[in-house]
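Enquirer: Here's my sequence, what's the structure:
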Amino acid sequence: MAKKTAPTYWIYGTHACMAALRNEQRIIRRVCVTQASYTEYADMLHGMACEVMDANRIARVLTADAVHQGIALEVVPLEQPDLEEILEMEQPILVLDHVTDPHNVGAILRSAAAFDVAAVIVHDRHAPKESGVMAKSASGALELIPLISVVNLAQAMDEMKQYGYWCIGLDGYAEQSIADEKFIRKTALILGAEGKGMRRLTTERCDRLVKLPISEQMESLNVSNAAAIALYAMARHI
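Expert: Below you'll find the predicted structure:
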């Protein structure tokens, strides 16, 4: 029986591609560059088989809305550590409950990297897979922060608790402001989808619910913006 080939996708844009090239764990199948980019990134591309082509040819390889900035990489999705490995690090983690937009997940990964989060945990059937859109939005953070899929978020939260983690859920209807929460390093910050928020079983597993103190003029924030603010608030106390 023939060995199955690992699935691939395209990463594009300067920041995403440079981060992928620096990541020793990233398997790269193809490199497409313009002559200008090949010259500019010669040190990074040294020893790699590059396909030098004009910008229009690169664009035809990608989706119509992809802004490639003269470089694109066909890559294999990263192998991710087990949840237990992350929990043993005893660093803050982020849990996303049914956040399905790859732009949002990418932006959240970027904030997670900025505030030293150990990993982002998602549901395996209700979260986007690695993609060029996610990598572009993450601006290099996809190579830095493990994106770990689990079959059951509620069970994963139970496991976090067994490792001494405190599960804090972000909920616009919570009584307590996030500004009053005393965070510890072993905190799992839980965010739900825009509008719907966290699902019932996820909410029930939270040790505490907190809200962002925003103006009554707005019902909520984009989930990636809420994540950035919440991570900043958490980082101030750790």
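Enquirer: which ones are touching residue 165?
Expert: Residues counted as contacts of residue 165 (Cβ atoms under 8 Å, 6 or more residues apart in numbering) are 87, 93, 186, 187, 188. Placement of C-beta: from N, CA and C, glycine included.
Enquirer: mind running it again at 7 Å?
Expert: Neighbouring residues of residue 165 by Cβ atoms under 7 Å, 6 or more residues apart in numbering: 87, 186, 187, 188.
Enquirer: for residue 54, same thing?
Expert: Residues counted as contacts of residue 54 (Cβ under 7 Å, 6+ apart) are residue 34.
Enquirer: shift numbering so it begins at 708
Expert: Done: numbering now begins at 708, and the last item shifts to residue 761.
Enquirer: out of the contacts of residue 872, which one sits closest to residue 940?
Expert: Nearest to residue 940 among the contacts of residue 872, counting by Cβ to Cβ, is residue 894 at 11.0 Å.
Enquirer: now, which of the contacts of residue 872 lie within strands?
Expert: Secondary structure defined by DSSP state E assigns 894, 895 of the contacts of residue 872 to strands.
Enquirer: any idea which of the contacts of residue 872 has the most stuff around it?
Expert: Highest neighbour count within the contacts of residue 872: residue 895, with 26 neighbours (other Cβ atoms under 10 Å).
Enquirer: could you dump the contacts of residue 872 to CSV with pLDDT and distance to residue 748?
Expert: Shown next, in CSV, are the contacts of residue 872 (pLDDT from 0 to 100; distance: Cβ to Cβ, whole Å):
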residue, pLDDT, distance to residue 748
794, 97, 37
893, 97, 40
894, 98, 38
895, 98, 38
